[in-house]
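Student: predicted model and sequence follow; I will ask about them next.
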Amino acid sequence: MSLIRSRKPKDHITMLRQQEPPPPSKSYIRRWRVAVTVISVTRFLVGLTKKVVEKNAELLRSLSFVSIEVEGSGDELIPILDVDPKGLAKMVKEKSLQSLSDQYGGVNQVATLLQSDLKYGIPGDDVDLELRTKVFGANKYLKQPPKSFLSFVLEAFKDTIIIILLVCAVLSLGFGIKRHGLNDGWYDGGSIIVAVVLVIVVSAVSNYRQSKQFEELSHESSDIRVQVVRNGRYHPVSIFDLVVGDIVSLKIGDQIPADGLFVQGHSLKVDESSMTGESDHVEVGEKRNPFLLSGTKVTDGYGYMLVTSVGMNTVWGEMMSSIRRDLKEETPLQARLSKLASNIGNIGLSVAVLVLLVLLIRYFTGHTKDENGKREYNGSKTKFDDVMDSVVGIIAAAVTIVVVAIPEGLPLAVILTLAYSMKRMMRDHAMVRKLSACETMGSATVICTDKTGTLTLNEMTVTEFWLGKELIENSLSSEIAANVLQLLSEGVGLNTTGTVFKPDSTSVPEIHGSPTEKAILSWAVIDLGLNIDELKQSCEIIHVEAFNSEKKRSGVLIRRSNERVLATHWKGAPEMILAICSYYYDKTGISKAMNDEERIEIGTIIETMADKRLRCIAFAHANVTDGNEQIHTKLEETGLTWLGLVGLKDPCRPGVKEAVESCKKAGVSIKMITGDNMHTARAIAFECGILDSDDNLHNEAVIEGEKFRNYSDEERKGKIEIIRVMARSSPFDKLLMVQSLKMYGHVVAVTGDGTNDAPALKEADIGLSMGIQGTEVAKESSDIVILDDNFTSVATVLRWGRCVYNNIQKFIQFQLTVNVAALVINFIAAVSSGEVPLTAVQLLWVNLIMDTLAALALATEQPTNDLMDKPPVGRTEPLITKVMWRNLIAQALYQVAILLILQFKGKSIFSVTEKVKDTLIFNTFVLCQIFNEFNARNLDKKNIFKGIHKNRLFLGIIGVTLVLQAVMVEFLSRFANTERLNWEQWGACIGIAALSWPIGWCVKCIPVPVDKQLQKQMASAS
């Protein structure tokens, strides 16, 4: 086999081997033509490259080599990259160091093979990205196909009651056709079948739409943003847009987005428990274990990885493709509603059985008459078909009562309102990961919030710099001694997780990292003249200690070029850094011993800066002789020299004070938990409205985490209600706060962004992670992701949570009113007259109105400011409140009274026939429900029309229901068993139904006693 290779443009092209040509043949000539074509193209590329070099133009990136098999059939496609994706994937999956070194030649050679640069990444242009996606695939895994619409229809058909109704309908259809012929006999049975099918289709459409919506939200929640290096620049990209060859930046809390190889970094540890089940964290390094698996989490350190496999070629992709996410999560409220629906259904079943027995007894004892006034049953004289037809009709009526009585719309209402709320909350910068969080948030009594980025903008700038004990007014490098300037540059430029990219000397530097790191690096680059590239070339990083929540500092051990002396640099909370310092520098660069007075003086400077709401970061260093091997793994922590102190300004977010006041007004207590010192925390808390002048009376309103940690259980119980701010707190302190609050009966929401916040987020009733600064570990541990990291959005989530709960209560009140009225009227009518005034089709139509359409109308009400005037709903608060019982009983009594009057006196009052009377009852009953939907919009406010113009869906559903009701009465008389009504009769029906409005207004004047515990809670929060 002869191989012709096109190498990099600067390499000479040579023929490795020539063989005697075989006897002339068409196949042989075709192969040589391919070879000649390749040689010609290669020479053309070499000539083109020379021209580019002569013009001093930018060299085009080319493939390392392309191998073409000449002795093939000549029909094969030439591969774009001579790389086997499966081979690379297998090497990483199996963590084969031997395969990496022997087959691929190490990480550097793999990068070359993938046309990637370990420092500058891939070119990243559209052509390059398309090429890589075509060869290696996209970073997406095949999902199990979602449930089809037909499956939802079949599920609806499986309902026992629906099956019984259909059987009755089929029997009625058969008997009707036999008695009256096909033209007239199909109406009764056919109408029931059509009505049942309509109910099933509407239910299936609703469930199918919600399923699609949850699938979309599931996709959005899995769309993680990752930081990649392309063409030397940092780019945030979607995890789905990641390609093989990308260089990805990794930090604590990140989820590894694809399979790959470790390129560079320090102290990188990975949690592979999601893949292997092992809880021990795996150390990743260049020599022993450079393999990184997708789906695992970074638990310590930072680094960069080279992506070698994406999508279905990764272990995670294979695993996830076989898993279907369960979207049938049952929330606590759904469970309570299912139980309520079951209890109501049992009552309805009992009533239906009684009605069935009464009607059967009356029929077989000859107490029922047909349309002509004759007895329906005359013993043996009555035909068998007539008996069966009547019995089937009685059974259908009884079963229909069960259908109306069972409030299957309750769980549906929860799904509808949750789906609607989730969609709207996305617009309000909140992504719901767990359905139960929507409703639970409405019951929250305490919100424990972070400070940085949540209450503040997280847009930091260095506004003050103290060198030793001296304030450097302009932070100019000319004011600082050269040796101190060098140490500060090392402390800032090497002890950081941020990066500075400057393509050339004239371009503006691009700085990436956390807001704190970006602010300090910007200050160092602009004011101190930091050149980070030169600094990294002149120093070697030996060991890194990533930021630790307990020590509240990060450190780095370095060796300067051509020096045996090692240098330790620490950066972090000033109190922590000051505690390990014994010396300090002055402006002239002289190191001086630090006595107690000077230590107190520096402490006072820190407090003064903190009182100005500045976040303080201190720097210290120590030189160590390179003589002890243990030095390489442990940084010096005593006898350091204090370098300086920077103060970062992070202003409060606009509108945060109003959001805090709104929460406090709603009876929700706000507690700020921060890592800053007490002075900074107190100043920010006052500015945000968490603290007010009254809190100054309580010395315990602001405490440190260590003090809270050391309280006894009794002390903690007595002071937890007073505490408003916890400063210098650790993740353990936050977890302890959450556990304590829950122990004393609170429903707790907590915000978090770091990996160490995961335990508190999981422990809380509602975990709220931050979408911008939050790590993937924090997001996975949370219930809701706040996409803009803003406390105002947290308050909005609280409003939506209350709205969800309130909308469900509205629907419960509305549906129970219908249930009570329908059951009572049918039972009394059956017992007294032996007839059911509402037919099976009519009851199914009422069922459709009150289940699907009403659920859709009432579940889509938007949150109002009135919701924030009410106290939070406790854990044990009954689902049906006293206010709801008051409204429900009043409306049900009115409807029952009106319908019974129409049942027994309607013929004489309106001077109409029996069938017109039944139509009046049906029409009035439906219109009462339509008017009562307006009453249900507000449970305790008298103005039921406030904000109605904002809910167009509600008005649309009311309009559609009215039109369909008119069609049912006027044009579908055979189908619905109705008679057409004149204008006077329509006016009477509307007038009777409209009386429910003034009745509702009067009933709401009746006071309902408020729970004293809730009043106390509101006072406590305020």
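Tutor: Received it, and whenever you're ready, just let me know what you need.
Student: wait, a helix at residue 447?
Tutor: No - assessed with DSSP: H, G, I helix; E, B strand; the rest coil, residue 447 is strand; it does not lie in a helix.
Student: apart from its neighbours in sequence, what residue is nearest it?
Tutor: residue 749 (4.7 Å; C-beta to C-beta, 6 or more residues apart in numbering). Quick note: C-beta positions are derived from backbone N, CA and C, even for glycine.
Student: count the residues that sit near that neighbour.
Tutor: If you count neighbours by other C-beta atoms under 10 Å, residue 749 ends up with 29.
Student: for this structure, what's the longest helix?
Tutor: When the chain is parsed with DSSP state H, its longest helix is helix 791-833.
Student: same for whichever helix or strand residue 112 is part of, what does it pack against?
Tutor: If you go by DSSP states H and E, residue 112 is part of helix 107-113. Packing partners of helix 107-113 (3 or more C-beta pairs under 8 Å, 6 or more residues apart in numbering; DSSP states H and E): strand 259-271, strand 297-309.
Student: which parts of it are buried?
Tutor: 107, 110-113 (16 or more other C-beta atoms under 10 Å).
Student: now swap in stretch 599-610 and tell me
Tutor: 599, 602, 605-607, 609-610.
Student: before we move on, back to that, how far off centre is the following helix or strand past the longest helix of the chain?
Tutor: Next in sequence after helix 791-833, counting helices and strands by DSSP H and E, comes helix 840-848. In terms of C-alpha atoms, centre = their mean, to the nearest Å, the centre of helix 840-848 is found 38 Å from the chain centre.
Student: what's the offset of the next helix-or-strand element following helix 840-848 from the middle of its chain?
Tutor: On the C-terminal side of helix 840-848, the nearest following helix or strand under DSSP H and E is helix 854-859. Helix 854-859 has its C-alpha centroid displaced from the chain centroid by 24 Å (C-alpha atoms, centre = their mean).
Student: does anything pack onto helix 854-859? Which helices or strands?
Tutor: So helix 854-859, by 3+ C-beta pairs under 8 Å, 6+ apart, packs with helix 409-427, helix 791-833, helix 914-936, helix 952-970.
Student: switch the cut-off to 6 Å
Tutor: helix 409-427, helix 791-833, helix 952-970 (3 or more C-beta pairs under 6 Å, 6 or more residues apart in numbering; DSSP states H and E).
Student: check the ones you listed for me: which has the lowest mean pLDDT.
Tutor: Mean pLDDT across those is lowest at helix 409-427; the value there is a mean of 77.
Student: give the buried residues for it.
Tutor: Quick answer for helix 409-427 (16+ other C-beta under 10 Å): 409-422, 424-425.
Student: ok, the nearest residue to residue 727 once chain neighbours are set aside - contacts?
Tutor: Once flanking residues are discounted, residue 727 sits nearest to residue 681: 3.9 Å by C-beta to C-beta, 6+ apart. By C-beta atoms under 6 Å, 6 or more residues apart in numbering, the contact list for residue 681 reads 674, 725, 727.
Student: next one: stretch 768-782 to chain centre, how far?
Tutor: That offset, for stretch 768-782, works out to 10 Å (C-alpha atoms, centre = their mean).
Student: now do the end-to-end distance for it.
Tutor: End-to-end span of stretch 768-782 (C-alpha to C-alpha, to the nearest Å): 6 Å.
Student: renumber starting at 616 from here on
Tutor: Sure, I'll start numbering at 616, so the last one becomes stretch 1383-1397.
Student: quick check: buried residues in it?
Tutor: 1383-1386, 1388-1397.
Student: ok, now stretch 845-862?
Tutor: 845, 849, 852, 854, 856-862.
Student: over to stretch 1124-1144?
Tutor: Those would be 1124, 1126-1140, 1142-1143, for stretch 1124-1144 by 16+ other C-beta under 10 Å.
Student: would you list the buried residues of stretch 1214-1225 in CSV and tack on pLDDT and distance to residue 1102?
Tutor: Putting the buried residues of stretch 1214-1225 into CSV (pLDDT from 0 to 100; distance: C-beta to C-beta, whole Å) gives the following:
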residue, pLDDT, distance to residue 1102
1214, 93, 20
1217, 94, 17
1220, 94, 19
1221, 93, 20
1222, 91, 25
1224, 92, 21
1225, 89, 25
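Student: residue 1407 against residue 1272, yeah?
Tutor: No - contact criterion C-beta atoms under 6 Å: residue 1407 and residue 1272 do not qualify, at 10.0 Å.
Student: between these two, point out the one with more neighbours.
Tutor: residue 1407 (22 against 17).
Student: skip the chain neighbours and tell me the closest residue to that one.
Tutor: residue 1274 (4.4 Å).
Student: that older thread, tell me which of the buried residues of helix 1024-1042 is nearest to residue 1200?
Tutor: residue 1040 (52.1 Å; C-beta to C-beta).
Student: so which of the contacts of residue 1296 wins on neighbours?
Tutor: residue 1342 (27 neighbours).
Student: contacting residues around that residue?
Tutor: 1289, 1292-1293, 1296, 1319 are the contacts of residue 1342 under C-beta under 6 Å, 6+ apart.
Student: kindly report the same for residue 1200.
Tutor: Counted by C-beta under 6 Å, 6+ apart, residue 1200 has contacts 1083, 1099, 1206.
Student: pretty sure the first one is touching residue 1199, no?
Tutor: Yes - in this structure residue 1083 lies within contact range of residue 1199 using C-beta under 6 Å: 4.5 Å.
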